[in-house]
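1. Below are the sequence and a predicted model; questions follow.
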Amino acid sequence: MELLSSLLSSLRTLETGTLDQDYNMVRSQTSVLNRDPSLTTEAGALKENIKKNRYKDILPYDQSRVVLSLLTSDSDSDYINASFIKGASSDCRYIASQGPLGSTLIDFWRMIWENNVKVIVMASREIEMGKKKCECYWSPVHQPASFGPFTVCSQEETRPDEDMVVRVLTVSYQQNSRSLTQYQFLSWPDHDVPYEAAGVLDLLERVRESQGAHTSPLLVHCSAGCGRTGVICALDYIHDLLVTKQINTDFSIMQIVLNIRRQRPSAVQTKEQYRFIFTAAACMLERVLRSAGGQRKPEQRTTRPAASSSKRLSQQSAMNDTYAVVNKPKQPLPPAADPAHSVVATPGFSRELPSSHHYDNDASGAVAPVYSVVRPRAKPHSLPLSATPLYDGEYHLSPGKEAKGKKERISSLSLPGDDEYEDFSSSSRDITGLDSPGGIGFNCRIQKPRGPRDPPAEWSRLER
């Protein structure tokens, strides 16, 4: 217990600058991994598998990828964008997967069935900030849905609190049926962190209770299967170290993250997510020490009363495409005149972009969410012509299109993790207006004159 107390004290005293330096070290070590000839991504880069990847630059390592051997049709292949991750006490403790695409739903259920998955952790919503992040791979309650040869039925759907949905699913394949449980965490914005650690730790406690003595891997996914997924795997790994009493003086969260990144590319994607692991680990140690000292007492959590399941979920599904969740931050925002802040209107919602990124649905305050008013689509010229990247390293501003015959360049702001990595469809090209006159991304059609006008005098001059 003295070691745990000392470790807790060191976690509490770590400064933000130190953690940022540690994360920069993680990124530099990852650059070395990317040049390691023993780690390859050849399967995910094959022509027939390209469309099975939600993001172009997130491909599983061949050495740790999930290989599908269950064949349900002649067109089935062995590829899915998912990776095995070792745990503290077992070799295949986790499956870190991208959220399934419409074209990979059957592959997703092939993976679940073949690996006898009992518990799924979904760390995303189906739609976030107007973007599809994951296809729905389950069914409404008591309404079976078919995914190829698999029939899935939701037996029960509950909301233990505002942050979580629990679904008990039954999947049938060739006259055999199995039951599994899905935990969906709703309060985790993409590329960001929850506003408190207790909610995630409570989720993981429920997950471990459902997993019980089953030795099958825990399936964890978000959208890309990297950022939020990596954080969950890291926190559960630390918990296993505590339970199996493998914590010693050389305990290092940085090494845990690096080990996970050797098995799943880009796991734990941002500095904020890296810092969150330290915060949650400290909270976890506090719980263990209180429990060992016979002073088990729940943390003071800011909870919101959960609405009835059917009513709340229907409201959410109706608002997902139209509204963005806005929460009041813990501290007041600087005035609008502050040059470090600018208001950017994006299709379907508006949000404020501070110098460091925050999402509309970032639950950074302790108040109930308020749904923002829909604002009109922003014109491209309302965006800044130059901007600094909102994210580090793995996210960049996508270059704009050059106008023919002109030297200037129009830069467009691209939110990382969305269009920048996904394949563009013809509809998306139409929306951006790349085919409009001038080719600079907006309509520059010349207006008709409002009324008749006389031709110039020189047109009617008689030639002599």
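-> Sure, I can see it.
2. what about stretch 137-150, start to end distance?
-> Start-to-end span of stretch 137-150 (CA to CA, to the nearest Å) is 11 Å.
3. what sits up against it?
-> 72-73, 100, 105-106, 108-110, 113, 151-157, 167, 169, 171-174, 182 (CB atoms under 8 Å, 6 or more residues apart in numbering). The C-beta positions use only the backbone N, C-alpha and C, and glycine is treated the same way.
4. change it to 7 Å
-> 72, 100, 105-106, 108-109, 113, 151-154, 157, 167, 169, 171, 173, 182 (CB atoms under 7 Å, 6 or more residues apart in numbering).
5. For that stretch, buried residues please.
-> Tyr137, Trp138, Ser139, Phe147, Phe150 (16 or more other CB atoms under 10 Å).
6. tell me the mean pLDDT over that stretch?
-> In this model, stretch 137-150 has an average pLDDT of 95.
7. Just say helix, strand or coil for the nearest residue to Leu68 once chain neighbours are set aside.
-> Nearest residue to Leu68, sequence neighbours excluded (CB to CB, 6 or more residues apart in numbering): Asp78, at 4.8 Å. Look at Asp78: counting by DSSP: H, G, I helix; E, B strand; the rest coil, its state is coil.
8. Could you pull up the residues touching Asp78?
-> Here Asp78 is in contact with Val67, Leu68, Ser69 (CB under 7 Å, 6+ apart).
9. how far away is the second one from Ser28?
-> In this structure, Leu68 and Ser28 are 34 Å apart, going by CB to CB, to the nearest Å.
10. and if you look at the first one?
-> Counting by CB to CB, the gap from Val67 to Ser28 is 31 Å.
11. In terms of neighbours, single out the busier of the two.
-> Higher neighbour count among Val67 and Ser28: Val67, with 14 against 10, using other CB atoms under 10 Å.
12. So for the top helix by length along the chain, what gets flagged as buried?
-> Taking DSSP state H as the criterion, the chain has its longest helix at helix 271-292. For helix 271-292, a neighbour-count test (16+ other CB under 10 Å) marks 271-288 as buried.
13. next one: stretch 247-266
-> Those would be 247, 251, 253-254, 256-258, 260-266, for stretch 247-266 by 16+ other CB under 10 Å.
14. Same check on stretch 13-20?
-> Buried, per 16+ other CB under 10 Å, within stretch 13-20: Leu19.
15. Please state the backbone phi and psi of Thr104?
-> Dihedral pair for Thr104: phi -120, psi 10, per degrees, to the nearest 10.
16. Spatially nearest residue to it (excluding sequence neighbours)?
-> Here the residue nearest Thr104, using CB to CB, 6+ apart, is Lys52, at 5.4 Å.
17. Please apply the same query to Gly227.
-> For Gly227, the spatially nearest residue (CB to CB, 6+ apart) is Gln269, at 3.6 Å.
18. Met1 too?
-> Closest to Met1 by CB to CB, 6+ apart is Ala292, at 6.0 Å.
19. where does Ala96 land in three-state SS?
-> Under three-state DSSP, Ala96 falls in the strand class.
20. Look up which residues are beta-bridged to it.
-> Beta-bridge partners for Ala96, by DSSP bridges, are Ser83, Val220.
21. So it is in contact with Leu218, correct?
-> No - between Ala96 and Leu218 there is no contact under CB atoms under 7 Å: 9.7 Å.
22. the more surrounded of these two?
-> Taking other CB under 10 Å, Ala96 and Leu218 do not tie; Ala96 has more neighbours (30 against 25).
23. for Glu42, what are its contacts?
-> Asp62.
24. Report the separation between it and Leu33.
-> The gap separating Glu42 from Leu33 is 16 Å, by CB to CB.
25. now do Ile112
-> Counting by CB to CB, the gap from Ile112 to Leu33 is 29 Å.
26. Which of those two has more residues huddled nearby?
-> Set Ile112 next to Leu33 and count neighbours by other CB under 10 Å: Ile112 wins out with 24 against 14.
27. Give me the secondary structure label for the more buried one.
-> helix.
28. now the helices for this protein?
-> 2-13, 16-34, 42-45, 105-114, 198-211, 227-243, 253-261, 271-292, 309-319, 426-432.
29. Of all those helices, which one comes closest to Ala123?
-> Counting by CB to CB, Ala123 lies closest to helix 227-243 out of the helices of the chain; the figure is 4.0 Å.
30. So which residues make contact with the closest one?
-> Residues contacting helix 227-243 (CB under 7 Å, 6+ apart): 85, 87-89, 94, 96, 121, 123-124, 188, 191, 200, 204, 220-222, 247, 256-257, 260, 264, 267-270, 273, 276-277, 280-281, 284, 288.
31. From Gln21, how far out is Ser28?
-> According to CB to CB, Ser28 and Gln21 sit 11 Å apart.
32. same question, Lys131
-> Here the distance between Lys131 and Gln21 works out to 32 Å (CB to CB).
33. related to what we said a few turns ago, mark which of the contacts of Asp78 are part of strands, please.
-> Among those, no member falls in strands (DSSP state E).
34. Save those as TSV, and put in distance to Arg12 too.
-> Putting those into TSV (distance: CB to CB, whole Å) gives the following:
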residue	distance to Arg12
Val67	43
Leu68	44
Ser69	47
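35. from these, which is closest to Glu209?
-> Nearest member of the contacts of Asp78 to Glu209, counting by CB to CB, is Leu68, at 29.0 Å.
36. Strands of the stretch 101-250 of the chain, start to end?
-> With DSSP state E, counting those that start in this stretch, the ranges of strands along the stretch 101-250 of the chain come out as 119-122, 127-128, 131-132, 145-147, 150-161, 164-173, 176-185, 218-221.
37. Quick check: which of those strands is buried the most?
-> Counting by mean count of other CB atoms under 10 Å, strand 218-221 has the highest mean neighbour count of the strands of the stretch 101-250 of the chain, with a mean of 25.
38. Could you tell me the least trusted of the helices of the chain?
-> Minimum mean pLDDT among the helices of the chain: helix 426-432, a mean of 39.
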